[in-house]
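In: sequence and predicted structure below; questions after.
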Amino acid sequence: MKITALRTVQVELPLETPIRTSIHYVESIGCVLLSMETDEVLIGEGLVWSLGTRRLDTLEAMIQSLAVKVVGRDPHEHAGLWAEMWGDVNFFGAKGITLFAIGAIDMALWDLVGKAHGLSVCRLLGQSRDRVRAYHSGGLWVSMSIDELQVQARDFLGQGYRALKMRLGKPSVAEDIERVAAVREAIGPDIDLMADANQGFTVNHAIRMGRALEPYNLVWFEEPVRAHDLAGSARVAAEIDTPIASGETEYARYGFRDMLERGSADVLMPDLERVGGITEFVKVAHMAEAFDIPVSPHVYTEQCLQLCGALHNINYSEFMPWFAPLYNESTDLVDGDLLIPDRPGLGFTFNPEAVARMRLE
């Protein structure tokens with residue numbers, strides 16, 4: 001089997017209600033969808049995404065710039081192809097859009113190999129379980145009132161979730177703590193609760209916040225400071241008892257090695273497009289395991305279920321509903337756990353009609 005072309009299309013997924021975090025205002029999600037065609041009937045699929053659509057042309061161009069490295073090659077050579085693409089982007093650097101492009105292509109390569117053998121990526125990697133605890137991440141935004149937070153938290157419980165994530169980012173510690181207390185009251189003491197500051201705090205503010213959060217028994221306090229401030233994140237982690245989670249804006253194994261060496265997070269959160277795809281995600285997870293550090297994938301619910309089934313130091317799957325309209329298949333939730341699909345490749349395929357509706361011209 002040989003790769004014959006990389007086909008890309010841009011789509012926009014409007015949000016029903018714009019969302020606000022401590023540093024973002026988001027009205028839609030933009031994606032570049034990749035279809036990797038072969039000289040057989042099989043097609044491998046991958047995607048990259050961004051907040052809004054203004055930079056999709058740049059992402060698409062970077063993906064297409066790597067076509068020369070993969071067209072004409074056998075997708076079973078995915079390890080060698082990853083290394084060749086890594087070398088090819090050296091001039092532009094090993095962080096940023098270069099990794100987005102490698103990540104999309106690597107996803108499609110793994111998807112193809114699984115489809116070629118009629119096996120899920122989870123089985124290719126070596127399956128360790130058939131389900132993973134999920135936390136609902138598609139709500140509880142900073143822009144919501146306390147009443148709205150409580151109503152939505154109870155709604156998520158009614159859908160069957162047993163873990164939820166809310167966002168922090170009000171001007172004062174007291175305001176954020178009031179909101180956390182309200183959500184904890186709504187869901188009770190036995191539901192897992194995470195809080196995400198989306199990089200919005202200074203180190204000192206984050207430490208005060210972290211200490212004030214401790215009575216609420218959070219699973220983790222996510223991205224309390226800017227992602228590049230590994231030293232600051234390490235200071236926060238050392239000063240509070242609640243685990244710090246971070247890493248969604250880190251790139252490749254070397255970025256995560258720095259995080260581990262500095263002690264900047266207690267939970268690593270690789271993002272499939274920024275880390276560089278399936279190939280590099282697995283390396284990061286194994287490296288974290290050597291430090292007894294758990295891993296939780298960022299967004300990419302559908303694709304990352306395969307990783308959740310294979311890598312036993314993944315402790316939670318993030319359920320983000322944004323991308324569900326793109327696929328023919330849907331996720332299955334049972335007793336608060338997402339089931340690992342036992343379908344060939346990554347287990348989710350683009351729905352042509354949905355893609356046509358959301359396509360950008």
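Out: Arrived safely.
In: what's the longest strand anywhere in the chain packed up against?
Out: Counting by DSSP state E, the longest strand found in the chain is strand 3-20. If you count contacts as 3 or more C-beta pairs under 8 Å, 6 or more residues apart in numbering; DSSP states H and E, strand 3-20 packs onto strand 25-38, helix 56-65, helix 67-70, helix 352-358. Placement of C-beta: from N, CA and C, glycine included.
In: quick one: closest of those to His286.
Out: helix 67-70 (24.8 Å; C-beta to C-beta).
In: next, the buried residues of that closest one.
Out: Buried positions in helix 67-70, judged by neighbour count with 16 or more other C-beta atoms under 10 Å: Ala67, Lys69, Val70.
In: walk me through the domains of this protein.
Out: Here the domain parsing of the chain from automatic domain parsing is 3-118+351-358, 123-339.
In: in JSON lines: the ones you listed, plus distance to Gly345 and mean pLDDT.
Out: Below are these laid out as JSON lines (distance: least, C-beta to C-beta, whole Å; pLDDT from 0 to 100):
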{"stretch": "domain 3-118+351-358", "distance to Gly345": "4", "mean pLDDT": "96"}
{"stretch": "domain 123-339", "distance to Gly345": "8", "mean pLDDT": "98"}
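In: okay, strands next: where are they in the stretch 51-200 of the chain?
Out: 131-136, 163-167, 192-196 (DSSP state E, counting those that start in this stretch).
In: need the phi and psi values for Leu311.
Out: phi -110, psi 110 (degrees, to the nearest 10).
In: contact partners for it?
Out: Each residue near Leu311 by C-beta atoms under 8 Å, 6 or more residues apart in numbering is listed here: Leu125, Ser128, Val282, Ala285, His286, Val295.
In: just Phe100 next, same as before
Out: Val48, Leu59, Met62, Ile63, Glu273, Arg274.
In: again, only this time at 10 Å
Out: The contact partners of Phe100, taken as C-beta atoms under 10 Å, 6 or more residues apart in numbering, are 32, 48-50, 55, 58-59, 62-63, 251, 271-274, 276-277.
In: quick revisit: give the buried residues for the longest strand of the chain.
Out: Buried-residue list, strand 3-20, by 16+ other C-beta under 10 Å: Ile3, Leu6, Thr8, Val9, Gln10, Val11, Leu13, Ile19, Arg20.
In: those: which two are farthest apart?
Out: Ile3 and Arg20 (41.2 Å).
In: what are the ranges of the helices in the stretch 251-361 of the chain?
Out: Per DSSP state H, counting those that start in this stretch, the stretch 251-361 of the chain has helices spanning 252-262, 272-275, 278-290, 301-310, 352-358. These are given in chain order.
In: would you list these in a markdown table and tack on distance to Leu213 and mean neighbour count?
Out: A markdown table is the format used below for these (distance: least, C-beta to C-beta, whole Å; neighbours: other C-beta atoms under 10 Å):
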| stretch | distance to Leu213 | mean neighbour count |
| --- | --- | --- |
| helix 252-262 | 21 | 17 |
| helix 272-275 | 27 | 27 |
| helix 278-290 | 24 | 20 |
| helix 301-310 | 26 | 25 |
| helix 352-358 | 38 | 13 |
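In: check contacts around Ala134.
Out: Neighbours of Ala134 in contact, by C-beta under 10 Å, 6+ apart: 160-163, 301, 305, 308, 316-319, 331, 333-334, 336-339.
In: those, buried ones only, as a PyMOL selection?
Out: Only the buried entries of the contacts of Ala134 go into this PyMOL selection, using 16+ other C-beta under 10 Å:
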select buried, resi 161+162+163+301+305+308+316+317+318+319+331+333+336+337+338
